[in-house]
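Engineer: Need the 3D shape of this:
(one chain, ligands or ions: 1)
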Amino acid sequence: MRKNIVAGNWKMNNDLAQTNALIADLKNQEQTSNAEVMVAPTFTNLHQSFNALKDSKVEVIAQNMHFAENGAYTGEVSASMLKSVGVETVILGHSERRAYFNETDELLTKKVDAALANNIRVIFCFGEELADRKSNNHETVVKSQITNALFHLEASALQNIVLAYEPVWAIGTGETASPEQAQDMHKYIRQTLANKYDEKTANGISILYGGSVKPTNAKEIFSKPDVDGGLIGGAALKAEDFYAIVNAF
Ligand code: PGA
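Structural biologist: This is a model prediction of the structure:
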């Protein structure tokens with residue numbers, strides 16, 4: 001059975017003191033939903049965050065990783081380094097990584113394989129740009145992003161992938177896909193998975209929505225049958241807002 005998941009992507013926000021303060025606030029929140037809760041601090045704060053949250057229900061995850069095991073890749077962080085500080089889930093393919101750091105489907109394939117080889121679960125992000133939606137190409141774009149980076153995997157490996165559909169035009173813009181647009185795309189994604197694999201595999205995969213999810217719209221988005229949770233940016237930086245979203249299930 002697929003799980004409900006709410007993951008907070010803190011992006012390049014919060015130094016160590018601010019991270020500690022946000023974690024303290026998170027620990028004061030009450031969870032009333034059954035969602036799995038995750039937060040993704042920046043690399044320098046992963047170790048401290050893991051220690052601070054290890055007795056809680058909040059999982060600490062990473063925002064990115066390199067595909068190589070180690071070596072001459074200045075400024076990069078490997079899967080085994082993440083594991084060594086307790087991280088077991090990584091976000092890959094976020095649209096900001098694709099847009100500002102030229103991450104391609106080919107590179108992401110290597111990252112996905114490296115994460116899975118190290119028993120790290122992947123939250124794989126993808127989504128169309130505004131021009132794709134305006135030209136009615138959004139399904140084609142999304143299908144190719146998933147096909148190129150994931151469809152070489154066996155069905156069993158797919159169990160360690162969480163999908164995050166994030167239309168680029170809705171990230172950080174305040175503009176959200178309507179709950180119907182989200183549901184239509186999530187249903188299309190699940191059907192695409194069923195065509196490639198089978199119904200059982202497709203139904204077992206959590207598909208999150210991301211892009212300006214807020215306490216005011218989370219409930220309606222999460223109520224859609226193929227939406228299994230959210231990847232939250234801006235609203236994850238305030239503990240009360242984040243838990244209002246966590247508890248929107
Ligand atoms: P946002 O970011 O919630 O600030 O739109 C979402 C994301 O980038 O995952």
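
Engineer: Now do the same contact list for the spatially closest residue to residue 223 that is not a sequence neighbour.
Structural biologist: Take residue 223 and drop its neighbours on the chain: the residue closest to it by C-beta to C-beta, 6 or more residues apart in numbering is residue 179, 7.2 Å away. Every C-beta, even on glycine, is put in place using the N, C-alpha and C of the backbone. Listed by C-beta atoms under 8 Å, 6 or more residues apart in numbering, the contact set of residue 179 reads 217, 220, 221, 223, 224, 227.

Engineer: Pretty sure residue 217 sits against residue 176.
Structural biologist: Yes: if you go by C-beta atoms under 8 Å, residue 217 and residue 176 touch, sitting 5.6 Å apart.

Engineer: before we move on, back to that, of the contacts of residue 179, which is the most crowded?
Structural biologist: The residue in these with the most neighbours, by other C-beta atoms under 10 Å, is residue 221 (25 neighbours).

Engineer: Need the nearest residue in space to it, chain neighbours excluded.
Structural biologist: residue 179 (5.0 Å).

Engineer: quick one: the residue in the chain that the ligand sits nearest to from residue 210, how far?
Structural biologist: Of all residues in the chain, residue 233 sits closest to the ligand, at 2.2 Å by C-beta to the nearest ligand atom. To residue 210, residue 233 is 7 Å away according to C-beta to C-beta, to the nearest Å.

Engineer: Can you work out which residues contact both of the two?
Structural biologist: By C-beta under 8 Å, 6+ apart, the residues touching both residue 233 and residue 210 are 9, 171.

Engineer: Look at these two and report which has more neighbours.
Structural biologist: Higher neighbour count among residue 233 and residue 210: residue 210, with 27 against 21, using other C-beta under 10 Å.

Engineer: can you give me the strands in this protein?
Structural biologist: Ranges of strands within the chain are 5-9, 36-40, 58-60, 89-92, 121-126, 161-165, 207-210, 229-232, based on DSSP state E.

Engineer: closest to residue 47 out of these?
Structural biologist: Relative to residue 47, the nearest member of these by C-beta to C-beta is strand 58-60, separated by 9.1 Å.

Engineer: now that closest one, how far from the centre of its chain.
Structural biologist: 13 Å (C-alpha atoms, centre = their mean, to the nearest Å).

Engineer: Report all helices and strands that it contacts.
Structural biologist: If contacts are counted by 3 or more C-beta pairs under 8 Å, 6 or more residues apart in numbering; DSSP states H and E, strand 58-60 sits against strand 36-40, helix 46-53.

Engineer: Distance to residue 154 added to these, as CSV?
Structural biologist: As requested, the helices and strands packed on strand 58-60 are exported to CSV (distance: least, C-beta to C-beta, whole Å):
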stretch, distance to residue 154
strand 36-40, 24
helix 46-53, 29
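
Engineer: Pick the most buried one from these.
Structural biologist: Among those, ranked by average contacts under mean count of other C-beta atoms under 10 Å, first place goes to strand 36-40 (a mean of 23).

Engineer: CA atoms of that one as PDB?
Structural biologist: Extracted in PDB, the C-alpha atoms of strand 36-40 (Å, rounded to 0.1, in the frame of the first residue of the first chain):
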ATOM      1  CA  GLU A  36       5.100  10.200   6.900                       C
ATOM      2  CA  VAL A  37       6.800  13.500   7.700                       C
ATOM      3  CA  MET A  38      10.200  14.500   6.300                       C
ATOM      4  CA  VAL A  39      12.400  17.600   6.300                       C
ATOM      5  CA  ALA A  40      15.400  18.300   4.000                       C
END
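
Engineer: per-residue pLDDT, the residue nearest to residue 221?
Structural biologist: pLDDT recorded at residue 179 is 94.

Engineer: can you check residue 176 too?
Structural biologist: For residue 176, the pLDDT comes out at 83.

Engineer: who in this structure is up against the ligand?
Structural biologist: 9, 166, 171-172, 210-213, 231-235 (C-beta under 6 Å from any ligand atom).

Engineer: This completes my enquiry, with thanks.
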